[in-house]
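# sharing a sequence plus its predicted fold:
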Amino acid sequence: TQQTVTQGTQQTVTQGTQQTVTQGTQQTVTQAPQTQATQTQGTQQTQTQAAQTTPDVPTSPAPVVSTDTTPMEGTTTVTTMASADSTTPPSIADVKDYADALGKSILFYDAQRSGKLPADNPIPWRGDSALDDCVVGGWYDAGDHVKFALPFGATTHLLLWGLQDFKDGYEKAGNLDQAYDMVKWATDYMLNAWDPNTQELVAQIGDGNADHSFWGRAEDMTMARPCSKLGPGKPGSDVAGEWAASLAAASLVFRDKGDTAYADQLLTAAKQVYEFAKANPGTYTNSVPGAGQFYASSGYKDEMCEGGVWLYRATGDPQYLSDAVANHEGSPPWALSWDDKKAACQLLLYEETNDDQYKNEVQAFMRDWMPGGSVPYTPCGLAWRDKWGANRYAGNVAFLAIAAAEAGINTDVYRKWGVEQINYLLGDNSHDGGCFSYEIGVGKKSPKNPHHRSASCPDIGQPCSDANLHASGDSPHLLLGALVGGPDQGDNYQDNREDYVMNEVALDYNSGFHSALAGINHLQASGDLPTTDNKCPCTA
């Protein structure tokens, strides 16, 4: 389903919905096909995120989770309490199980896996799928089964950034090994999707329209899955720049882990993909037929800035930092999203240069998002950027705020705000009497009907069709860890899989939220978790 958001320069946004939750008994969730909606916000900018409705994803080792909900078979359970600040401890009622939330978010990415699943796949209702793709593996985008390179790269970058900055948060949550497996599933796919000999990069697998006309499991797909590539004369600096950033960041993560050979392989590919991006400037939507219908790109300088910074970090070569500075854009970002990464570029450059210009830009962006800025708030305090993926935008900026605080920018204020936004998503809201978590399977109340094909289908081998999209009752499978689209501006929400606005799930929806959770676990581990003051605190 498509969605067009106008912000300054045009940008079309279509967001597929994927969700799959596994907890003890299974439960399936589907995504309704999306209809077009046009919205105008500030400066024009059109973003297109493919409306996807199919949950078919391989999984990695089961993360450690706690037992607010029934744990999946094979998982270990732990209960985590926040480390209290010695001077201003949060009240017990306000402390969320951030470790459980982080572990279950890993399970969402496991549920999105495509290809041959590992023997320790923790999602029992997922099986092998798309084994004839031109590149096997990777993640399905949302509730559908297309593999879109631009949001895939944006997601992978934010996950790796959070892992690099907040490794101790994963250690505290007991999920570091699972985090490595999660990101390696993505980077293995990226390595296989890049051919240095032909200078080609696979930018999309599957036809969005054909895929979205099919409501069923990824394991049951029979439609053609075309393979679209970038290459000489077919530019895509946005995709390639983001992938270079992800691969370079991954090289640091795995070098720190001690996997030097894999880190070297990642860094070699990062350099090659970055040089390809420089040699073939342009947006990928001009090279991949139909891509703009789902994830239209508004430009490529922000992604090239990210690629330059991470390659500078990985190599120490000052030319990469000079490139990043040259690609920097100082205009106020509308959000941090799969398309608009200017805010990320600004913070990354500040971290490397300590130049007040970039610090001022980060502060200007955050002023827009803080109370009194241009971003409206719901009555219970969610920074509500847009009805399409409201939770996603808040989660992304919460991560940016926590990362900026670590860099010494308005540390106390940004930490508190970032944690409060995540607290809203985990239950500090008024829906269903309060204490409602928008992350599936976390807390006592959460969605059960995401717009996700595979989750809405019964066990493999049984029929699944459009009837499952429209079926009453909860989905057969629980898409653990998926963050649904979210409420309207009045804090109103309906757990209805046919409502693809409120119940869409997607790779990028979880990405910033996920790394913010890693950051909060880091704050707990260091004793720096701030006292929060959410408007609708969960007291159950």
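Structure received. Because the structure is predicted, anything quoted here is derived from the model rather than measured.

# only C-alpha atoms for contact and neighbour calcs from this point on.
Fine.

# let me see the contact set for residue 509.
Contacts for residue 509 (Cα atoms under 8 Å, 6 or more residues apart in numbering) come out as 389, 391, 392, 393, 395, 483, 484, 485.

# go again with 10 Å.
15, 17-18, 142, 151, 155, 337-338, 389-396, 482-485 (Cα atoms under 10 Å, 6 or more residues apart in numbering).

# out of these, which are inside helices?
151, 155, 390, 391, 392, 393, 394, 395, 396 (DSSP state H).

# doesn't residue 539 belong to a strand?
No - counting by DSSP: H, G, I helix; E, B strand; the rest coil, residue 539 is not part of a strand but coil.

# pretty sure it contacts residue 428?
Yes - Residue 539 is within contact range of residue 428, at 8.7 Å (criterion: Cα atoms under 10 Å).

# between those two, which has more neighbouring residues?
residue 428 (27 against 13; other Cα atoms under 10 Å).

# ok, the more buried one to residue 398 distance?
Going from residue 428 to residue 398 by Cα to Cα, to the nearest Å gives 15 Å.

# residue 156 now?
Taking Cα to Cα, one finds residue 156 at 17 Å from residue 398.

# again, but for residue 537
18 Å.

# and stretch 295-314, average pLDDT?
For stretch 295-314, the mean per-residue pLDDT is 98.

# ok but residue 478 is inside a strand, no?
No - according to three-state DSSP, residue 478 belongs to no strand; its state is coil.

# who has more neighbours out of residue 537 and residue 398?
Legend: neighbour count by other Cα under 10 Å for residue 537 and residue 398, higher for residue 398 (31 against 21).

# so the more buried one makes contact with residue 511?
No - if you go by Cα under 10 Å, residue 398 and residue 511 don't touch, sitting 11.1 Å apart.

# list the residues that contact both of the two?
By Cα under 10 Å, 6+ apart, the residues touching both residue 398 and residue 511 are 392, 517.

# please name the nearest non-neighbouring residue to residue 217.
residue 454 (4.8 Å; Cα to Cα, 6 or more residues apart in numbering).

# helix or strand: which one has that neighbour?
With elements taken from DSSP states H and E, the one containing residue 454 is helix 453-456.

# got it, and residue 105?
Following DSSP H and E, one finds residue 105 within helix 98-111.

# looking at the ones in helices among the contacts of residue 509, which is nearest residue 123?
Here the nearest of those to residue 123, counting by Cα to Cα, is residue 155; it sits at 20.7 Å.

# run a quick neighbour tally on that closest one.
For residue 155, using other Cα under 10 Å, the count is 26.

# what sits against it?
For residue 155, the contacting residues are 141, 149, 183, 186, 242, 246, 337-338, 506-512, 514, by Cα under 10 Å, 6+ apart.

# low-confidence regions, this structure specifically.
Flagging of the chain using pLDDT under 70 yields the residue ranges 1-95.

# and if we set it to 80?
1-95, 540 (pLDDT under 80).

# for this structure, which segments count as strands?
Along the chain, counting by DSSP state E, strands occupy 3-13, 21-22, 26-27, 38-46, 147-148, 194-195, 200-205, 227-230.

# and residue 359, what does it touch?
Counting by Cα under 10 Å, 6+ apart, residue 359 touches 346, 347, 348, 349, 350, 351, 353, 365, 404, 407, 408, 409.

# make TSV from the residues you listed and add distance to residue 295 to it.
Shown next, in TSV, are those (distance: Cα to Cα, whole Å):
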residue	distance to residue 295
346	23
347	24
348	24
349	26
350	29
351	29
353	32
365	24
404	28
407	31
408	34
409	32
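
# which one of those residues is nearest residue 106?
Taking these together and measuring to residue 106 by Cα to Cα, the closest member is residue 404, at 23.7 Å.

# count of residues packed around the closest residue in space to that closest one that isn't next to it in sequence?
Distances taken as Cα to Cα, 6+ apart put residue 347 closest to residue 404, at 6.8 Å, once the chain neighbours are dropped. Residue 347 sits with 25 neighbouring residues when counted by other Cα under 10 Å.

# ok, which pair from the contacts of residue 359 is furthest apart?
Across these (Cα to Cα), the longest gap, 18.6 Å, separates 353 and 365.

# next, the contact list for the spatially closest residue to residue 254 that is not a sequence neighbour, please.
Take residue 254 and drop its neighbours on the chain: the residue closest to it by Cα to Cα, 6+ apart is residue 263, 5.4 Å away. Counting by Cα under 10 Å, 6+ apart, residue 263 makes contact with 247-257, 269, 314.

# next one: residue 210
Residue 210 neighbours (Cα under 10 Å, 6+ apart): 146, 223, 224, 225.

# show me how far stretch 292-308 is from its chain's centre.
Mean-position distance between stretch 292-308 and its chain equals 16 Å (Cα atoms, centre = their mean, to the nearest Å).

# what of stretch 132-140?
So, by Cα atoms, centre = their mean, the centroid of stretch 132-140 is 19 Å from its chain's centroid.

# now it - C-alpha only, PDB.
Extracted in PDB, the C-alpha atoms of stretch 132-140 (Å, rounded to 0.1, in the frame of the first residue of the first chain):
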ATOM      1  CA  ASP A 132      15.700 -19.200  -5.800                       C
ATOM      2  CA  ASP A 133      16.300 -15.400  -5.300                       C
ATOM      3  CA  CYS A 134      19.200 -13.900  -7.200                       C
ATOM      4  CA  VAL A 135      20.700 -13.300  -3.700                       C
ATOM      5  CA  VAL A 136      19.400 -15.700  -1.100                       C
ATOM      6  CA  GLY A 137      19.000 -14.400   2.500                       C
ATOM      7  CA  GLY A 138      18.400 -11.000   4.000                       C
ATOM      8  CA  TRP A 139      15.200  -9.700   5.600                       C
ATOM      9  CA  TYR A 140      11.800  -9.200   4.200                       C
END
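
# next, count neighbours for residue 150.
Neighbour tally, residue 150, other Cα under 10 Å: 27.

# that one touches residue 243, doesn't it?
Yes - at 8.5 Å, residue 150 and residue 243 qualify as touching, with contact defined as Cα under 10 Å.

# quick check: neighbours shared by the two?
residue 303.
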